[in-house]
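Q: I would like the atomic coordinates for the input below:
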Amino acid sequence: MLDQFEYRLLSEISHKLDYAIRSAEVPSGGGESGGRLDPQALRALQLLMTPAAPEVLHQRIMDGMAASTGAERGFLMMIEDGRKLRFKCGLHMDQQTIQRESGYSRSIIKQVVSTGDPVLIADTSQAQDTSGSVGNLQAKSILCVPLLFGGAQSGMGQVGGIAYLDSSSVTHSFGPDQLECARITAELAVRAIEGPEAGATGGNGGADSLKLQQNFERLLDVGRTISSTLVLDDLLELVIEKVLEVTRADRGFLMLIEEGNPEPKFKIGLTWNKKDGDKRKKRKLDESQFFFSTTVTKKALETKKPVVLNDIQASMGGSDPSVSMMQMELSSVMVAPLVEKGKILGLIYVDSKMSNREFGDSDVELFEALAGQAAIGLKNAILYTQVAGQQRMESELALAAKMQQDLCPETVPAIQGVEICGYMEPAREVGGDYYDFVEDDDAPGQVISMVVGDVSGKGLGAGIVAVMARCFLRSMLSAYGMDDPSQLLGYLNHTLCGELEPGKFMTMLLMNYDARRSVVRYAAAGHENIIIWRAATRKAEAITSGGSPLGISTTTGGPTQNSEMQLFPGDTLVTYTDGVTEAMDMEDNEYELERLLALVDRLGGETPQTIMDEIIVDLGRHRGKREVTDDITMVLLRKL
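A: Below you'll find the model as predicted:
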């Protein structure tokens, strides 16, 4: 069913195409029509209105331009980073071709960008060119149209890009009809880029939404791959393979920082084997082929953030000692540090030649999220390797316990106006409990996400599920933000349903505390109750968290909707896993919620650390000589 916007848009398109078809029936003054809108042209223009990721949409724009005008070559450039034109895609042309050919075409582009008006050169041999560079042109006829955003209909739009077209055939030159077809295609392209919601939001609508979904699916695929092995060499190769697939770069390298040596050391490099054509098989590169920008890598190490360098030939300015990069004609470089718990484990480095592409903001964001996933997998693989090198310590359980402890944060972020503490004691037969704190980079010291999770089952398998969940959740928090815990748990549930074996599941409580509003927003997936002690009443109460465990079904149940809880000075939150309330004494009696609630009720005015310590002591009294049979995990927060 078409909505109102689609009906209006299709009506407008039909009128434009009707005019173009009538125009195309009459040959232009410069030669054959060449712009007749045959079924192939109509299909190309129809594809423009189908939501697609930006890189796909850019290619469709060029296909539509070629089909509607009969152009032999062309390229699309978009204005980014202020007023800088960025090459997006070409039709039988790439950036090397553009730079190699005459400056005359570049002067035409400059004119279109500055005036916002299209330019038609029906016959370049008759063109007035004071530079004398027309002779270098292969093109006999040139057409360049602007992409006008925010007011194209009134002719007052802002130039957001250009489409350049040319033809070398003496029997087919562009005329007014082809100019009108190109202008119409440009209008349709702008509509497609802006999307159905552009009028209300000014954004990219369906294209942005699809791009976000595709990036999410790519991250899930990377996470699944990284979680599939703990063998370090295998993991390094898998990471670089996925990096090349996601970034579509020419080459990728991974460097590690070893203990006692601050300089990153080459570990693996891969590139596409272009002789295989569309099969795009990869081949390994050795250290002798590893030329890289020391300027970019140094900056990435210092800032612990991704660094991108586009248009190397212009921007490096001879400041970087790696002359080999210039000789290789690299166009773009992107580097991301592998950071886990504030420690840099290594670097991922990719680059692209001029004939390929430059890296944009969306590439950097996706690259950063991917590097975060890789860092988590790398840390666990390094740990696994170290344990194996020490005769795997004592057993698989020792490895699982170490991995589980490593999941929990070493420090608690300092958040304004609250005290926070966490605790996890693994059982003798290790399970899959974990807790985590993730501070919002956009609101440091103000906003924090807190998670408490519990995987069913015991041993290394449960530990790996917890590692996987933490990896996915941290990537989702980075990609989608912290404002919607319910949505994040829904994404995580969908992922785990495809990964866990039957009978496996995970409960989770995800909370987002905003110090600016003193509000906790939370959602749960089959987890234990939340205990809140109110300073005003000096009483503790249990709030049912609800929801269904993660990893069971994508069609029924699922996490709860978001709920909010206002905190006032002195209020204290206590969250925990079932290892607390189900702790057994020597006679198989459980500790139970009522005893925990009474203890919090009595100690509510104390600091979170004091309350947590007293709970641990009381659990020990209850168990007596009985060993811990299930992990014990707690996270407490108190409003100052």
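
Q: any idea how this protein splits into domains?
A: What automatic domain parsing lists as the domains of the chain is 4-203, 207-379, 409-458+499-639.

Q: including distance to residue 488, mean pLDDT and mean neighbour count, could these go into CSV?
A: Just so you know, the C-beta spots here come from the backbone N, C-alpha and C atoms, and that holds for glycine as well. As requested, the domains of the chain are exported to CSV (distance: least, CB to CB, whole Å; pLDDT from 0 to 100; neighbours: other CB atoms under 10 Å):
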stretch, distance to residue 488, mean pLDDT, mean neighbour count
domain 4-203, 22, 72, 18
domain 207-379, 11, 76, 18
domain 409-458+499-639, 6, 94, 18
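
Q: so which of those comes closest to residue 475?
A: For residue 475, the closest of these is domain 207-379, at 5.1 Å, according to CB to CB.

Q: quick one: that closest one to chain centroid distance?
A: From the chain centre to the centre of domain 207-379 is a distance of 14 Å (CA atoms, centre = their mean, to the nearest Å).

Q: the domains of the chain into JSON lines, with extra columns for distance to residue 472?
A: Shown next, in JSON lines, are the domains of the chain (distance: least, CB to CB, whole Å):
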{"stretch": "domain 4-203", "distance to residue 472": "22"}
{"stretch": "domain 207-379", "distance to residue 472": "5"}
{"stretch": "domain 409-458+499-639", "distance to residue 472": "9"}
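
Q: which among the ones you listed is found nearest to residue 464?
A: domain 207-379 (7.0 Å).

Q: which element, helix or strand, includes the residue nearest the centre of the chain?
A: Closest residue to the average C-alpha location of the chain: residue 366 at 3.1 Å, with CA atoms, centre = their mean. Using DSSP states H and E, the secondary-structure element containing residue 366 is helix 361-389.

Q: residue 269 - that's part of a strand, no?
A: Yes - with DSSP: H, G, I helix; E, B strand; the rest coil as the criterion, residue 269 is part of a strand.

Q: spit out the contact partners of it.
A: 240, 251-254, 284-287, 289-290 (CB atoms under 8 Å, 6 or more residues apart in numbering).

Q: how close does it get to residue 258?
A: 18 Å (CB to CB, to the nearest Å).

Q: what about residue 261, distance to residue 296?
A: Going from residue 261 to residue 296 by CB to CB gives 20 Å.

Q: just residue 603 next, same as before
A: 53 Å.

Q: restrict stretch 414-432 to CA atoms and write it as CSV.
A: Presented in CSV, the C-alpha positions along stretch 414-432 are these (Å, rounded to 0.1, in the frame of the first residue of the first chain):
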residue,chain,number,x,y,z
ALA,A,414,33.0,8.4,38.5
ILE,A,415,29.4,9.6,37.9
GLN,A,416,28.2,12.9,39.4
GLY,A,417,26.1,12.7,42.5
VAL,A,418,26.1,8.9,43.0
GLU,A,419,28.1,6.1,44.6
ILE,A,420,28.3,2.8,42.6
CYS,A,421,29.9,-0.5,43.4
GLY,A,422,29.9,-4.0,42.0
TYR,A,423,30.8,-7.5,43.0
MET,A,424,31.1,-11.0,41.4
GLU,A,425,32.2,-14.2,43.2
PRO,A,426,32.4,-17.2,40.9
ALA,A,427,31.2,-20.6,42.1
ARG,A,428,33.6,-23.5,42.2
GLU,A,429,31.9,-24.8,39.1
VAL,A,430,32.1,-21.6,37.1
GLY,A,431,28.9,-20.2,35.6
GLY,A,432,28.1,-17.3,33.3
